[in-house]
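Visitor: Got a sequence here, can you build the structure:
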Amino acid sequence: MGREQWKKIWVGSAGNMVEWFDWFVYASFATYFAGSFFPDGNPTAQLMNTAGIFAVGFFMRPVGGWLLGRVADRKGRKTALTLTVTLMSVSAVLIAIAPTYGVAGYGGAAVLLVARLLQGLSVGGEYAASATYLTEASDPRHRGFASSFQYVSMTAGQIIGLGLQIVLQRTLSDDALHSWGWRIPFIVGALGAAVVFYLRRAMLETEVYEEAADHTAAEDKGTLRALWQHRREAFLVMALTMGGTVAYYTYTTYLTKYLSNSAGLSKETATLVSFTALIVFAALQPLAGKLSDRIGRRPLLITFAVGSTFLTVPIMTMLRHVGGFWPALGLALLALVVVTGYTSINACVKAELFPTGIRALGVALPYALANALFGGTAEYVALWFKDAGAESGYYWYVAGCAAVSLIVYLTMRETRDLDLNRVGDGRKTSPEPVAPLAS
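Guide: Take a look at the predicted model:
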C-alpha cells in the first residue's frame, strides 16, 4: 500500500480512536464514579445505575445513525466525520465537569445522561462514516485489511483509556480516584477530540463517493425511502451484528468488571488483564483483515460464530474461577481471538452490501439498532443475571446470540469481490481471483 493509502487510513481511524476512548472510558472508570452520582448503597446497584445510563447511550445511536448517516450520504464522509468528533468532544467536557450527588443531587446524573446521549448520537454516526470511508478509500484488493483498522483504532482508544487508568491507579490513592481522579480521562478525551477535529478538516473525500455524486439523484441519497429498497441488506446488517456485538462488549468493556466483581481479582489486576489482552487483540485485526482479502469474509465470520457459540460458556465459567493474572489473561486472549473473526472485517462486509448513495445510512441505522438492542444492553443484562443469582444464564445468552448470527453467516453471499461503484445494480466485478496483497 502506498503513502496516500496509509494517510487515508490514519485520518479515517484517528478520530475513531478518540471517539471510542471517550466511549469506553465511561465503562472502564464506572467502578470509580458510580458512587459519585447515586446515593450510597449496594455497589452492584450503583454499577447497574451507571450501566443503565451506558445503555441509554446505545439507544441514541440509531438516531445518530440515521441523522449522521444521512449527512454522510448527502454531504460527504468528511463532513459527517468532522461533526461526530465535535459532538464527542462536547460530551467529554460535560462528564468532566458534572457535579456529584452530594453537590447537586440527581442533577449530576442528569448531566451524565445528557453527555451519554450526545456520545450515542456521535458514535452512532461515527461507526458508519468511518467504516464507509475506510472501505471506499482503500484499494479493492486491500479492503479487508484497511477496514480492519476501524477496530484497531477502537481498541487503541480503549487501550489508551485502560493504560491511563493503570497510571492513575498507581499514582493516585483510591480515595482520590473515587473523588476526582476519574475526571482526568474525560478531560484528555476532550483535548484529543480537538486535535482530531483539526486533522479531519484537511482530509480528502473518497473517490467512490465523488464519482457517485455525479450520477446519483440528490433526493435519493441517504433517505429512508432508498434504504427500504435495500431492506434485505439492512436486515443482514442487524443479524450479522447481533452475535458479534454481544461477544465484543462482553470481552472488552465488561471483562474488567467481571474479573473484579465476580472472579474476585483486584481492580488493578483485572485492569492489567484487559489492557494486555486488548494489545494483542488490536495487533490481530490487520492480520485477520488481510486474510479475508485472500480467502473471503464468510470463512472468518463463520469461524467466529462457531467458536463463540460453543466456547462462550466454558470460557466464562473458567474466568469466574481464575485465581490470578496469567490464567485470566490466557482465557481472555482465547475469547478475543475468536471475536477477531467478526471485528476485523465486519465494517467492510456491511459497507460492501450497499450502493454508494445509501451506504453510510445502510450501515449506520441497522448496525446502531442492533447495538442498542444487544451491545448496549450486554453489560446491564450480565449484571441483572448476577444480581438475580443466576450469572451463568448470561453465558448462554451470549452463546445464543452467536448461534443466531451463525445462521446468517452460513446463508449470506460473499462480498469480497463486489465493486463498490456497482453494488446495488445487480452487477458484480470480474470473477478474476483477488491478486496477492502487496506490502
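
Visitor: only C-alpha atoms for contact and neighbour calcs from this point on.
Guide: Will do.

Visitor: what residues does stretch 257-275 touch?
Guide: By C-alpha atoms under 8 Å, 6 or more residues apart in numbering, the list of residues contacting stretch 257-275 from outside reads 31, 159, 162-163, 165-166, 169, 252, 255-256, 319-325, 328-329, 332.

Visitor: Filter the residues you listed down to the buried ones.
Guide: With burial judged by 16 or more other C-alpha atoms under 10 Å, the buried subset of those is 31, 159, 162-163, 165-166, 169, 252, 255-256, 319-320, 322, 324, 328-329, 332.

Visitor: packing partners for the longest helix seen in the chain?
Guide: In terms of residue count, the longest helix belonging to the chain (DSSP state H) is helix 43-75. If you count contacts as 3 or more C-alpha pairs under 8 Å, 6 or more residues apart in numbering; DSSP states H and E, helix 43-75 packs onto helix 3-28, helix 30-37, helix 77-97, helix 107-137, helix 359-370, helix 376-387.

Visitor: Apply 7 Å and report the result again.
Guide: Here helix 43-75 touches helix 30-37, helix 77-97, helix 107-137, helix 359-370, helix 376-387, going by 3 or more C-alpha pairs under 7 Å, 6 or more residues apart in numbering; DSSP states H and E.

Visitor: and among those, the most buried is which?
Guide: helix 359-370 (a mean of 30; mean count of other C-alpha atoms under 10 Å).

Visitor: Tell me what angle that helix forms with helix 376-387.
Guide: 10 degrees (axes from the mean of the first three to the mean of the last three C-alpha atoms, to 10 degrees).

Visitor: model confidence over helix 359-370, on average?
Guide: Confidence for helix 359-370, expressed as mean pLDDT, is 93.

Visitor: list the contacts for A347?
Guide: Taking C-alpha atoms under 7 Å, 6 or more residues apart in numbering, we find A347 in contact with A131, S147.

Visitor: distance between the helix or strand where it lies and the chain's centre?
Guide: Element membership for A347 (DSSP states H and E) is helix 346-351. On the basis of C-alpha atoms, centre = their mean, to the nearest Å, helix 346-351 sits 13 Å off its chain's mean C-alpha point.

Visitor: what about the residue nearest to E379 when sequence neighbours are not counted, distance to T269?
Guide: Among residues not flanking E379 along the chain, Y254 sits closest, at 5.9 Å (C-alpha to C-alpha, 6 or more residues apart in numbering). Going from Y254 to T269 by C-alpha to C-alpha, to the nearest Å gives 14 Å.

Visitor: So, low pLDDT: which residues of this protein?
Guide: Low-confidence segments of the chain (pLDDT under 70): 1, 39-48, 54, 213-218, 422-439.

Visitor: And the residue nearest the centre of the chain, which helix or strand is it part of?
Guide: With distances taken as C-alpha atoms, centre = their mean, M154 lies nearest the centre of the chain, 6.2 Å away. Assigned by DSSP H and E, M154 falls within helix 149-171.

Visitor: what's the offset of that helix from the middle of its chain?
Guide: For helix 149-171, the distance to the chain centre is 14 Å (C-alpha atoms, centre = their mean).

Visitor: Run through the neighbouring helices and strands of the helix or strand just after it.
Guide: Scanning forward in sequence from helix 149-171 by DSSP H and E, the next helix or strand is helix 174-179. Identification of packing neighbours for helix 174-179 by 3+ C-alpha pairs under 7 Å, 6+ apart yields helix 30-37.

Visitor: Convert the C-alpha atoms of the helix it packs on to PDB, please.
Guide: Taking C-alpha atoms only, helix 30-37 is exported to PDB below (Å, rounded to 0.1, in the frame of the first residue of the first chain):
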ATOM      1  CA  ALA A  30     -17.600   3.400  36.100                       C
ATOM      2  CA  THR A  31     -16.400   1.500  39.200                       C
ATOM      3  CA  TYR A  32     -14.800   4.800  40.400                       C
ATOM      4  CA  PHE A  33     -17.500   7.300  39.700                       C
ATOM      5  CA  ALA A  34     -20.600   5.100  40.200                       C
ATOM      6  CA  GLY A  35     -20.900   6.300  43.800                       C
ATOM      7  CA  SER A  36     -20.500  10.000  42.800                       C
ATOM      8  CA  PHE A  37     -23.800  10.300  41.100                       C
END
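
Visitor: tell me the angle of it relative to helix 107-137?
Guide: Using the same axes, to 10 degrees: helix 30-37 against helix 107-137 is 140 degrees.

Visitor: Let the chain start at 553 from now.
Guide: OK, 553 is where the count begins now, so the last one is helix 582-589.

Visitor: Can you pull out the residues in contact with helix 582-589?
Guide: Counting by C-alpha under 7 Å, 6+ apart, Q598, L599, T602, T652, Y653, Y658, G660, A661, L729, H730, W734 sit against helix 582-589.

Visitor: CSV please, covering those residues and showing distance to G909.
Guide: As requested, the contacts of helix 582-589 are exported to CSV (distance: C-alpha to C-alpha, whole Å):
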residue, distance to G909
Q598, 44
L599, 42
T602, 38
T652, 45
Y653, 47
Y658, 44
G660, 41
A661, 40
L729, 47
H730, 48
W734, 42
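
Visitor: and which of the residues you listed is nearest P838?
Guide: Of all the contacts of helix 582-589, P838 sits closest to W734, with 32.2 Å by C-alpha to C-alpha.

Visitor: List the contacts of the closest one.
Guide: So W734 contacts F581, Y584, F585 (C-alpha under 7 Å, 6+ apart).

Visitor: With L665 as the reference, measure out to it.
Guide: Distance from W734 to L665, by C-alpha to C-alpha: 17 Å.

Visitor: Next: G654.
Guide: Taking C-alpha to C-alpha, one finds G654 at 17 Å from L665.

Visitor: Quick one: the helices in the stretch 803-952 of the chain, in order.
Guide: All helices of the stretch 803-952 of the chain, identified by DSSP state H, counting those that start in this stretch, fall at 807-813, 819-847, 850-872, 877-895, 898-903, 911-922, 928-939, 944-963.

Visitor: Which one of these lies nearest to A644?
Guide: It is, among the helices of the stretch 803-952 of the chain and with distance given as C-alpha to C-alpha, helix 928-939, at 18.7 Å.

Visitor: Give me the angle between the closest one and helix 944-963.
Guide: 150 degrees.

Visitor: Mind giving me the packing neighbours of helix 928-939?
Guide: Using 3+ C-alpha pairs under 7 Å, 6+ apart, helix 928-939 sits against helix 595-627, helix 783-803, helix 944-963.

Visitor: quick check: angle from it to helix 555-580?
Guide: 30 degrees.

Visitor: export helix 928-939 as PDB, just CAs?
Guide: Written as PDB, here are the backbone C-alpha positions of helix 928-939 (Å, rounded to 0.1, in the frame of the first residue of the first chain):
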ATOM      1  CA  GLY A 928     -25.600  -1.600  24.700                       C
ATOM      2  CA  THR A 929     -27.600  -3.900  27.000                       C
ATOM      3  CA  ALA A 930     -24.900  -6.600  27.300                       C
ATOM      4  CA  GLU A 931     -23.400  -5.200  30.500                       C
ATOM      5  CA  TYR A 932     -26.700  -4.500  32.100                       C
ATOM      6  CA  VAL A 933     -28.000  -8.000  31.200                       C
ATOM      7  CA  ALA A 934     -24.900  -9.500  32.700                       C
ATOM      8  CA  LEU A 935     -25.300  -7.600  35.900                       C
ATOM      9  CA  TRP A 936     -29.000  -8.400  36.000                       C
ATOM     10  CA  PHE A 937     -28.200 -12.100  35.800                       C
ATOM     11  CA  LYS A 938     -25.600 -11.700  38.600                       C
ATOM     12  CA  ASP A 939     -28.000  -9.800  40.800                       C
END
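
Visitor: Appreciated, that's everything.
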